[in-house]
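Student: fold the following and give me the result.
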Amino acid sequence: MSGATFGTKGSIHVDSAYDYYFEGKADETEYVNPIKKIDKLVRTEKFLEKWLKDAFAQQPKLTKAIDSSSITVPTIIDSEITDRLRQETPVLELINRTTNRGKVASYDAHTERENGVFLGEGASMNDQDDTYTNETENMKYSYVVGGVTGQAKAADAHFIDAYAQTIRDKTVALRYLHEEKFFSGDKDTTPLEYDGLDNLITTNTSNKASASVLLDNVGVQLDACRTYGGKGKKMGVTDWGTLRDMKSQMMASVKYLDTQSIAWGLTAVQYEDMPIVPSRFTNQTSNSRRFYIVDNEVTEYRVLQEPTMEELGKTYDARRFFIKEYSVPIIKHEARCAMIYGIK
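Tutor: Numbering: from 1, shown residues only. All right, here's what the predicted structure looks like:
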């Protein structure tokens, strides 16, 4: 409609609105042209700013205290993660680890020795035959699987390396599995796992039947281990509660605790010549606690493969992996170890 002009429409004075936004420009004036770099647009913010200024000017002057709820403050998260589940695994640090070729751990045991004999002059000579047996134990294959979705990796990029953190967590989880099963493993109940000390030690055992363990009980079992020969280094392992009871008995008799520094900087309470190490992976239940005497000379982990990480193929938007270990604990002469069970 050439030559048309704005007029008054209802209660809105359109001519005034035109003049306000376009500041007296003639009709059909080019005021924005990006090619020519023309930008004469009157921004609506000017109107809003003026309206707000006028509106606040009409408000009564009030004094108001500022509280924290009127201010938006972002939460800054500490990038350090506190592991509330961390436990030490002292047995895995102290038990020998031996390489193993093949899927079966094998060793020969000398089980019977014939003594020499006194003979008369000219007597016939007969052999004194000894007995040897071959013992085998199948490798056990342990795994832990983890991963991080693509979304989590992208969202956490400014915070932590989520993938590396997950690998660390799963590596620790695998160690916990082996520390626990070193004591409680039962391949008869769970064929895919190995036997732990609860099932490997059968000769020198004592049932406390819900009574507290005494130092004399430990001494008796220690002597029984020595009866079967060997001066290998012995190590006692138990829970913290049983160790505390034993320490109280030691303090009552000698007024001090003899300690010794063992591998990796660990300090252990010593009874006779045996360090005692507490592990939270032993049975912690009252009336079911245990005390183990482990001969390090005949106890070892046979290892086909140390913990190794491999990445899994992608089936969805995630980076996944698993960590595996092929190993099995063996005791070549279990009679040189002992176990006290049923401790209060």
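
Student: so which helix or strand takes in the nearest residue to residue 177 once chain neighbours are set aside?
Tutor: Distances taken as Cβ to Cβ, 6 or more residues apart in numbering place residue 142 nearest to residue 177, at 6.0 Å, with adjacent residues excluded. In short, each C-beta sits where N, CA and C put it, glycine included. Element membership for residue 142 (DSSP states H and E) is strand 140-149.

Student: may I have that strand exported as PDB, CA atoms only?
Tutor: Provided in PDB are the C-alpha atoms of strand 140-149 (Å, rounded to 0.1, in the frame of the first residue of the first chain):
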ATOM      1  CA  LYS A 140      42.100 -70.200  38.300                       C
ATOM      2  CA  TYR A 141      41.000 -67.300  36.100                       C
ATOM      3  CA  SER A 142      39.700 -64.100  37.800                       C
ATOM      4  CA  TYR A 143      38.200 -61.200  36.000                       C
ATOM      5  CA  VAL A 144      36.700 -57.700  36.700                       C
ATOM      6  CA  VAL A 145      34.900 -55.700  34.000                       C
ATOM      7  CA  GLY A 146      34.500 -52.000  33.900                       C
ATOM      8  CA  GLY A 147      33.800 -49.100  31.500                       C
ATOM      9  CA  VAL A 148      32.800 -45.500  31.000                       C
ATOM     10  CA  THR A 149      30.100 -44.300  28.700                       C
END
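
Student: give the partner strands of that strand in its sheet and their orientations.
Tutor: Counting by DSSP bridges, the strands paired with strand 140-149 are strand 318-331 (antiparallel).

Student: longest helix anywhere in the protein?
Tutor: When the chain is parsed with DSSP state H, its longest helix is helix 162-184.

Student: which parts of the stretch 101-250 of the chain are helices?
Tutor: Ranges of helices within the stretch 101-250 of the chain are 150-155, 162-184, 197-200, 215-227, 240-254, based on DSSP state H, counting those that start in this stretch.

Student: most tightly packed of these?
Tutor: Each of the helices of the stretch 101-250 of the chain was scored by mean neighbour count; the highest is helix 197-200, a mean of 20, by mean count of other Cβ atoms under 10 Å.

Student: residue 186 touches residue 197, doesn't it?
Tutor: No. Assessed by Cβ atoms under 8 Å, residue 186 is found out of contact with residue 197, at 11.0 Å.

Student: ok so, going back, save the helices of the stretch 101-250 of the chain as TSV, and put in mean pLDDT and distance to residue 92 too.
Tutor: Output for those, formatted as TSV (pLDDT from 0 to 100; distance: least, Cβ to Cβ, whole Å):
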stretch	mean pLDDT	distance to residue 92
helix 150-155	88	30
helix 162-184	94	5
helix 197-200	96	13
helix 215-227	92	22
helix 240-254	86	18
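
Student: how about low-confidence regions in the stretch 201-344 of the chain?
Tutor: Along the stretch 201-344 of the chain, segments meeting pLDDT under 70 span 230, 254-266.

Student: who are the contact partners of residue 317?
Tutor: Counting by Cβ atoms under 8 Å, 6 or more residues apart in numbering, residue 317 touches 149, 150, 151.

Student: circling back to that earlier point, could you dump the longest helix of the chain to CSV, C-alpha only?
Tutor: What follows is helix 162-184, C-alpha atoms only, in CSV (Å, rounded to 0.1, in the frame of the first residue of the first chain):
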residue,chain,number,x,y,z
ALA,A,162,37.0,-41.1,34.4
TYR,A,163,38.5,-44.0,32.4
ALA,A,164,41.7,-44.0,34.3
GLN,A,165,39.8,-43.8,37.6
THR,A,166,37.7,-46.7,36.7
ILE,A,167,40.7,-48.8,35.8
ARG,A,168,42.2,-48.0,39.2
ASP,A,169,39.0,-48.9,41.0
LYS,A,170,38.7,-52.3,39.2
THR,A,171,42.3,-53.2,39.8
VAL,A,172,41.8,-52.7,43.5
ALA,A,173,38.6,-54.8,43.3
LEU,A,174,40.6,-57.7,41.8
ARG,A,175,43.1,-57.5,44.6
TYR,A,176,40.3,-57.6,47.2
LEU,A,177,38.9,-60.7,45.6
HIS,A,178,42.3,-62.5,45.9
GLU,A,179,43.0,-61.3,49.5
GLU,A,180,39.6,-62.6,50.6
LYS,A,181,39.7,-65.9,48.7
PHE,A,182,43.2,-66.6,50.0
PHE,A,183,41.5,-67.3,53.3
SER,A,184,37.9,-68.4,52.5
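
Student: oh, and call the first residue 14 from now on, that's how I've got it
Tutor: With the count now opening at 14, the last piece we talked about shows up as helix 175-197.
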